[in-house]
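Chemist: sequence and predicted structure below; questions after.
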Amino acid sequence: MFASLRALSPGLAAIPLSAVLMAAGGTQVVPLAVGDFRNVDHEADHGHYYRVLTEAGPHLYLAADYQPKMDPETLGIRVPEKLRKAEKRLSWRWRVRVFPKDGDECFGPRGDSAAAVILTFRNGLKWILLKYIWSEVEPQGTVCDKRSNLFVGRQTTVLERGGPLGVWKDESLDPKLEYVRHFGGKIEDVPDFAGIGVITDGDNLKTVSAADYADFVLEAEARP
């Protein structure tokens, strides 16, 4: 999955700049349409399990229903180049409907995720990935799966833990601050925030896994 996120570039939809709104103080507010997220796991051949559905409102959301024997899929969207160093905050809503049975995202052989959001940064030839998960078993704030080499750096953080199932929760992160918190350095030296990914899977344990994602919004500094 992490290797596939390196593909968050030419083949994926970019956030349309026509969707940019202006908030108080000149902040740009960019809604990300869930229908614009695209598959980055091109080898996924055994059923596609993400759908855009509607709730009362009308309200669109991305529903993920993984079934055993399906290939895992990561969906992603590129951040426009004009916003890649201007981002201030990323917000979204999500809910878990089914946790993968016996899953534990911090234990490799059981590392399936009911819901995960990935922030992707690009620094030259190196991709840096921050994965935020909703775990059934790991305590909130746990950081695991730390890896780094010449081409990829990554860490996983438990953002939510446990039930109740089927209940929306709101999240909001500052990508630059999160990068510095995990990898060090200075805010002004944080590399480009290149893309956002989501994944729900159960392929390691061959188990059902289901979650929903909605209302992704990127806030950025207004620039000429």
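Modeler: Okay, I see it.
Chemist: count the neighbours of the nearest residue to L159 once chain neighbours are set aside for me.
Modeler: Counting by C-beta to C-beta, 6 or more residues apart in numbering, L159 lies nearest to Y132, which is 4.4 Å off, once chain neighbours are set aside. C-betas here are computed from N, CA, C, even on glycine. Number of residues near Y132 (other C-beta atoms under 10 Å) recorded here: 22.
Chemist: so who does Y132 touch?
Modeler: 116-119, 156-159, 171, 173 (C-beta atoms under 8 Å, 6 or more residues apart in numbering).
Chemist: beta-bridge partners for it, please?
Modeler: V117, T157 (DSSP bridges).
Chemist: shaky segments in this protein?
Modeler: Applying pLDDT under 70 to the chain flags the ranges 1-25, 42-47, 223-224.
Chemist: start and end of stretch 132-141, how far apart?
Modeler: End-to-end distance of stretch 132-141 (C-alpha to C-alpha, to the nearest Å): 10 Å.
Chemist: helices of the protein, start to end?
Modeler: 175-183 (DSSP state H).
Chemist: spatially central residue for it, please.
Modeler: V117 (2.2 Å; C-alpha atoms, centre = their mean).
Chemist: I'd say it and Y213 touch.
Modeler: Yes: judged on C-beta atoms under 8 Å, V117 makes contact with Y213 at a distance of 7.5 Å.
Chemist: shared neighbours, those two?
Modeler: 92, 94, 198.
Chemist: can I get those in CSV including distance to E188 and neighbour count?
Modeler: CSV is the format used below for the shared contacts of V117 and Y213 (distance: C-beta to C-beta, whole Å; neighbours: other C-beta atoms under 10 Å):
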residue, distance to E188, neighbour count
W92, 26, 21
W94, 31, 27
V198, 29, 24
